[in-house]
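Novice: Sharing a model prediction with you, sequence too.
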Amino acid sequence: MELINFQILTISDMVLIALFLITFIVQMYFLLGVYLKLVLHKKEDYKTEPNQITIILPLRNEEARIRELITTFTELSFTDYQIMVIDEFSEDDTLHILNILAETNPRLKVTSLSQETRFIEKQSINIGLKGASSPWIVQITSNSVPVSPEWLSKLNGLLDDNTDAVIAYSNVERKKGLRNLICRLELFSQFMISGSRVLSGKPFVFSENNVIFRKSMYFDTQGFKHKLNLNFANLELIFNENFRNGRIKLTTNPELAVREQIEDDRGDHVKLLKKTVQIRQNLSWKKKSDLFLDDFTKILLTGIAITLTILHPEYWITFSSVIMIYFIVLLIIVKKLLIRLKERKIFVPSFVYILIKPIINCCFFWSMYLIHRRSRWN
């Protein structure tokens, strides 16, 4: 490896090299000072003191599988819970079947929206929370399935007086197809980003799914009163506004994960990305700055390395060695986290996706800005 001879370099070359080293140091800080905390997160201690928990379950047109879905929850080992099902104006026989099931299941409570509305998701969540009799709430989708019968009991075991919320992992079921893979990659990267920030003292989430929280967190801040015009994010907006450092727990236990069964819809990944952009836009400026610096230096590091290699090919081994150090550390972190979460068959795709995700974010930030600008003038 040939050492760089600074005596023959121009000022612009030295500025580029200095910027290259700075971006490398910043990225190593994020890897070792932020993301590594998630990988090294200790296993949780579970308590046995029971808490009353309500599962919020919004659904629509689930006549074919509603009995199977309710049976899944009745087989949980935890007993002190209520299932609050909100029928979102189903057009089939879902509501009728739910009412029949509720007659023989004291844990099942059913309510419904009387008509289809523009903000149907937020309204169903609001109705469910108003009807919930428990101080603790966890919401999952009708397509989500707990991976373990111990799911709710172990979530309960993490609750205490000093905790406002516990964030657990959620993703989609692994199936064949590129769209399924991309959704899995996006949800994994979201958990990696938000989970590491929780442990670094800057808590926020990208997903409302599989987060157990105090019901008072919603009503103390007037719920969705000033957030109805935000189309993609729901409870995430409430969480990120109210999460406080030291009062939020995170678990990487795969037994507390839920998996969502989704159709092969080309719009799923786009919706995830749009929601990610909207959530980031509504974070505090400190959290926005942290995420921007991470994205910007990730793009800049590779870009400057390529530029320097083109300008000074004689030093390509030196520049590529620095990049390789960064890649190896990132590979180790991604691999370790995938093992902890028991995510299979996405090691290399996850690594590549994390590298290109800042570029994807930039594209969606720009496109949503243009859409917002056009709608404002029309």
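Specialist: Nice, thanks for sending it over.

Novice: alpha carbons only for contacts and neighbour counts from here, please
Specialist: Fine.

Novice: Checking Lys335 next. Helix, strand or coil?
Specialist: Using DSSP: H, G, I helix; E, B strand; the rest coil, the structure places Lys335 in helix.

Novice: who's in contact with it?
Specialist: Phe347 (CA atoms under 8 Å, 6 or more residues apart in numbering).

Novice: cool, Ser189 as well?
Specialist: 350, 354.

Novice: For it, pull up the helix or strand it's in.
Specialist: helix 178-199 (DSSP states H and E).

Novice: okay, whichever helix or strand comes after that helix in CSV with CA atoms only?
Specialist: Using DSSP H and E, the next helix or strand after helix 178-199 towards the C-terminus is strand 211-214. Included here for strand 211-214 are C-alpha records, laid out as CSV according to Å, rounded to 0.1, in the frame of the first residue of the first chain:
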residue,chain,number,x,y,z
VAL,A,211,-45.3,-1.2,20.8
ILE,A,212,-46.9,-1.5,24.2
PHE,A,213,-47.6,1.9,25.8
ARG,A,214,-49.5,3.7,28.5
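
Novice: mean confidence score for strand 211-214?
Specialist: Strand 211-214 carries an average pLDDT of 96.

Novice: What pairs with that strand, parallel or antiparallel?
Specialist: Sheet pairing of strand 211-214 (DSSP bridges) gives strand 136-139 (antiparallel), strand 165-167 (antiparallel).

Novice: could I get those strands as TSV with distance to Gly246?
Specialist: Below are these laid out as TSV (distance: least, CA to CA, whole Å):
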stretch	distance to Gly246
strand 136-139	18
strand 165-167	10
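
Novice: With mean pLDDT and mean neighbour count added, can I get these in CSV?
Specialist: Formatted as CSV, the strands paired with strand 211-214 follow (pLDDT from 0 to 100; neighbours: other CA atoms under 10 Å):
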stretch, mean pLDDT, mean neighbour count
strand 136-139, 95, 24
strand 165-167, 96, 24
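
Novice: from the middle of its chain, how far away would stretch 81-99 be?
Specialist: Chain-centre distance of stretch 81-99: 27 Å, with CA atoms, centre = their mean, to the nearest Å.

Novice: Pull up the distance across it, start to finish.
Specialist: Across stretch 81-99, the terminal residues are separated by 18 Å (CA to CA, to the nearest Å).
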